[in-house]
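Participant: Dropping the sequence and predicted coords here.
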Amino acid sequence: MPRYGMVIDTKRCVGCADCVVACKTENNVPDGFCRDWIVQDVRGAFPNLQMEIRSERCNHCENAPCVRCCPTGASYIADGGIVLVDHDECTGCKACIASCPYDARFVHPEGYVDKCTFCIHRVKQGLDPACVAVCPTKCMYFGDLDDPQSEVSQLLRSRPNHALIPEAGTQPKVFYLN
């Protein structure tokens, strides 16, 4: 069984937000909300500044605090390690929102918690998530982290990379190439 993950090349991302628009369109995300977003992280002190532009979303963690703290079991880990929310089981209590170190969840206007699904409906059809499919700079990659021949595995071996907030101990499956 695959263990899905995403790799984003921060040297190629230009912050165009095509991934954000594609996600909103593909998943019918209501106005005022988004499942992914663009961050510009500036580090250093003038004149020695460095900027990283990256697309962020749910990290589909192996050790997902949102799943552990959900009182109804609405948050769960599906096949392939994708963290999902069963909208019919979710009461909108926001425990999962409070536990997520990536601020990757929101309460949908209909009352349930919503988040990135890695476009599981597309993945089941053999397609990439919408954000990956539309990226004009081809900076986003999706695949099986356990397959040593997959593009994501090869990229992670080929270049230094990092995950966000490693000290949280969540074992995220979204990685950023340095």
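Facilitator: All right, it came through fine.

Participant: Now for residue 165: which residues touch it?
Facilitator: The neighbours of residue 165, taking C-beta atoms under 8 Å, 6 or more residues apart in numbering as the test, are 101, 102, 172. Where C-beta positions appear, they are placed from N, C-alpha and C, glycine not excepted.

Participant: try 6 Å
Facilitator: Residues touching residue 165, when contacts are defined by C-beta atoms under 6 Å, 6 or more residues apart in numbering, comprise residue 101.

Participant: Just the strands from the chain, written as ranges.
Facilitator: All strands of the chain, identified by DSSP state E, fall at 4-9, 36-45, 48-57, 75-77, 83-85, 106-107, 113-114, 140-144, 161-162, 174-177.

Participant: What average pLDDT does the fourth one get?
Facilitator: Per-region confidence: strand 75-77 scores 98 on mean pLDDT.

Participant: What helices and strands are in contact with that strand?
Facilitator: Packing partners of strand 75-77 (3 or more C-beta pairs under 6 Å, 6 or more residues apart in numbering; DSSP states H and E): helix 65-69.

Participant: Please compute how far the helix it packs on lies from its chain's middle.
Facilitator: Offset of helix 65-69 from its chain centre (C-alpha atoms, centre = their mean, to the nearest Å): 16 Å.

Participant: So what touches that helix?
Facilitator: In contact with helix 65-69 (C-beta under 6 Å, 6+ apart) are residues 75, 76, 77, 95, 96, 99, 100.
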